[in-house]
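Trainee: Sequence plus the predicted model coming up.
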2 protein chains.
Amino acid sequence: MPSRPPALISVDWGTSSFRAALAAADGSSIEEVAADKGALALGPAEHEAFLAAMVGAWKKGRPDLPIFLSGMVGARQGWVEAPYVPCPAGVSEIAAATLTIPTPLGRVLLAPGLSAVDARGAPDVMRGEETQILGALSASGRTDGLFALPGTHSKWARVEKGRILSFETFMTGEIFAALKEHTVLGRLMAETRVEGEPGGFALGVRAAAALERPGELLHAVFMTRTLGLFDRVAPGELAEYLSGLLIGAEILAGARGARSALIVGSPALAARYAQAGALLGVEFSPAPQNCAALGHLALLERIDAGA
Amino acid sequence: MPSRPPALISVDWGTSSFRAALAAADGSSIEEVAADKGALALGPAEHEAFLAAMVGAWKKGRPDLPIFLSGMVGARQGWVEAPYVPCPAGVSEIAAATLTIPTPLGRVLLAPGLSAVDARGAPDVMRGEETQILGALSASGRTDGLFALPGTHSKWARVEKGRILSFETFMTGEIFAALKEHTVLGRLMAETRVEGEPGGFALGVRAAAALERPGELLHAVFMTRTLGLFDRVAPGELAEYLSGLLIGAEILAGARGARSALIVGSPALAARYAQAGALLGVEFSPAPQNCAALGHLALLERIDAGA
């Protein structure tokens, strides 16, 4: 591997996981570490020690290397609260609200989350995704468009002239897990998919497209059970049906008629959304995997230019 | 209490509870017993002994008093499987498919469940509600209309000329519980409601009415969290918001534009649906509480007339 000088330590510290990269100036990872230690799982005095344990080795001999954090670590129940910045917000607004945390680890920066108000006046929030969107903008050279960030709490954001205008959260991933683990729907599901059996995912996506009234979703999820009861979907495909139904419904509501979106997420999740999108007429272009580091670099550049 | 002769022992034995009534010929309860022992919680050989323990005292000196069962007790994983009768089905079809279980308890009858196919060709099932609908028809003198049976798995049934034409299941109650107990939405909820604080229920119902695309429901549930985060809804009202949202969405999808429905359910649940219905232009008329016994009596009369 060619020796690239590190530009910063990029940390995406969410509710349930910690991911850090020693990043070069182009955003590429020199080294990476991860842990299942969410920012909300630690007590008030534990974040600094945990961070030091995870990235301390990268700091050796590099006292000036900045550590840039984003995600739920900046929530009220996290390490230090970084108040939400209201949308519209771009790199300037987010850089201006970035906090510096005094620690023996040298320069530690913490990006704020964003708040938005939806079409009906209800509030919404994100933490961490704003940084990934800045990174995706930087990587793609785009300044406008629709961004999908699927996951436990999927976010769909509208960007114009480099600023996030608005966004909406969809609890798709967490609702899928709650329905699978904690309702009758999981009972008939088998973990093992059998090769050659008709897939449940596309069936679920098509079921989502056929829904008319919002409450019909409360009915369509029950089909996970009845399609299994009547041997219409194999046990190994029932979770796929439920996944397709929820992801399909999310895409149609998130895209609101748009035909394309940039997707920021793991390759597996992006492939799943691309498959659903192909059935629904929404084309997903994948963003690079290092969006968090790219976002941190963009913020750092703005902060240092303004200093 | 005037002494009324018992006509049958009516048993509604569901997934999670057992309810029995010693019923007079007019369907009224002479005595009632209940237990948190669902039909699926017992092993193959345990149903008969449990039933004997619960209603055996009523049988003393009345060897000919029939015991009429309905609900999940007739499922494949229940006591004896009573195969689903396809819709349309009324008292004739259900009576014809009612099983007699040979036991030392005398005459034990078991009503079958119903199956239906929804507008998109997906199957649906009910067990127990068909008997309650027959009872509600018998009590109201109606032969047509829309019937709502709210609960863990709410059912909405369309009845014409005394026969259940079609029905749909909505997982409203079970989804509410799974979201409250097993997702981030429960975290900000307080159990205690504070008098005088603006109610969350109507807010949830109105949010349901404002939804356009089905997937927006996956977004609107997240507002349970953000309305709490931004102090827009009091902690004691957050569960009410979620309940109003899901019940409102269910009513709009179940009613499909109809302006009235007969509701079969506990007084507390019926009141909740009536409150939501008033905001949504759907009027609920309450059915009597003894619909199961009335349904069993109607079936017994048909069976004995045909014998």
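Mentor: Ah, there it is.

Trainee: drop to CA atoms for contacts and neighbour counts, all remaining ones
Mentor: Will do.

Trainee: Now the residue in chain A that chain B sits nearest to: which helix or strand?
Mentor: Nearest residue of chain A to chain B, counting by CA to the nearest CA: A:P214, 3.5 Å away. Using DSSP states H and E, A:P214 sits in no helix or strand.

Trainee: Might one say that it is in contact with B:A220?
Mentor: No. Counting by CA atoms under 8 Å, no contact exists between A:P214 and B:A220, whose distance comes to 10.6 Å.

Trainee: any shared contact partners between those two?
Mentor: B:A208 (CA atoms under 8 Å, 6 or more residues apart in numbering or on different chains).

Trainee: hmm, back to that, OK, contacts around the residue nearest to the residue of chain A closest to chain B when sequence neighbours are not counted?
Mentor: Nearest non-adjacent residue to A:P214, counting by CA to CA, 6 or more residues apart in numbering or on different chains: B:P214, 3.5 Å away. Contact partners of B:P214, counting by CA under 8 Å, 6+ apart, are A:A208, A:L211, A:E212, A:R213, A:P214, A:G215, A:E216, A:L217, A:A249, A:A253.

Trainee: List the contacts of the longest helix belonging to chain A.
Mentor: The residue-count maximum for a helix in chain A (DSSP state H) belongs to helix A:238-255. With contact meaning CA under 8 Å, 6+ apart, helix A:238-255 is reached by A:146, A:148, A:156, A:168, A:170, A:172, A:176, A:180, A:186, A:188-190, A:199-209, A:220-221, A:224-225, A:227-228, A:261, A:273, A:276-277, A:280, A:282, B:213-216, B:218.

Trainee: Which ones among these lie within helices?
Mentor: Those of the contacts of helix A:238-255 lying in helices (DSSP H): A:172, A:176, A:180, A:201-209, A:220, A:224-225, A:227-228, A:273, A:276-277, A:280, B:216, B:218.

Trainee: So, low pLDDT: which residues of chain A?
Mentor: A:1-2, A:307 (pLDDT under 70).

Trainee: again, only using 90
Mentor: Across chain A, the ranges flagged by pLDDT under 90 are A:1-4, A:15-16, A:40-41, A:43-45, A:76-77, A:118-121, A:191-198, A:306-307.

Trainee: in it, which spans are strands?
Mentor: A:6-13, A:18-24, A:29-35, A:67-70, A:85-86, A:99-103, A:106-110, A:114-117, A:123-126, A:145-149, A:154-160, A:163-170, A:260-263, A:283-286 (DSSP state E).

Trainee: Can you list the strands that the fifth one pairs with?
Mentor: Read it as strand A:85-86. Paired strands of strand A:85-86, with direction, are strand A:114-117 (parallel) (DSSP bridges).

Trainee: quick one: the partner strand to chain centroid distance?
Mentor: 16 Å (CA atoms, centre = their mean, to the nearest Å).

Trainee: Return it as PDB; C-alpha atoms alone will do.
Mentor: Presented in PDB, the C-alpha positions along strand A:114-117 are these (Å, rounded to 0.1, in the frame of the first residue of the first chain):
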ATOM      1  CA  LEU A 114     -30.200  18.800  11.800                       C
ATOM      2  CA  SER A 115     -33.800  19.400  12.500                       C
ATOM      3  CA  ALA A 116     -36.600  19.900   9.900                       C
ATOM      4  CA  VAL A 117     -40.300  20.500   9.800                       C
END
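
Trainee: which bits of the stretch 151-300 of chain A sit near chain B?
Mentor: Residues of the stretch 151-300 of chain A lying close to chain B (CA under 8 Å from any CA of the partner chain) are A:168-172, A:174-175, A:178-179, A:182-183, A:208, A:210-223, A:226-227, A:230, A:246, A:248-254.

Trainee: got a list of what the residue nearest to A:W13 when sequence neighbours are not counted touches?
Mentor: Excluding the flanking residues, the one nearest A:W13 by CA to CA, 6+ apart is A:G71, at 5.1 Å. Taking CA under 8 Å, 6+ apart, we find A:G71 in contact with A:D12, A:W13, A:G14, A:T15, A:A111, A:G113, A:R127, A:G128, A:E129.
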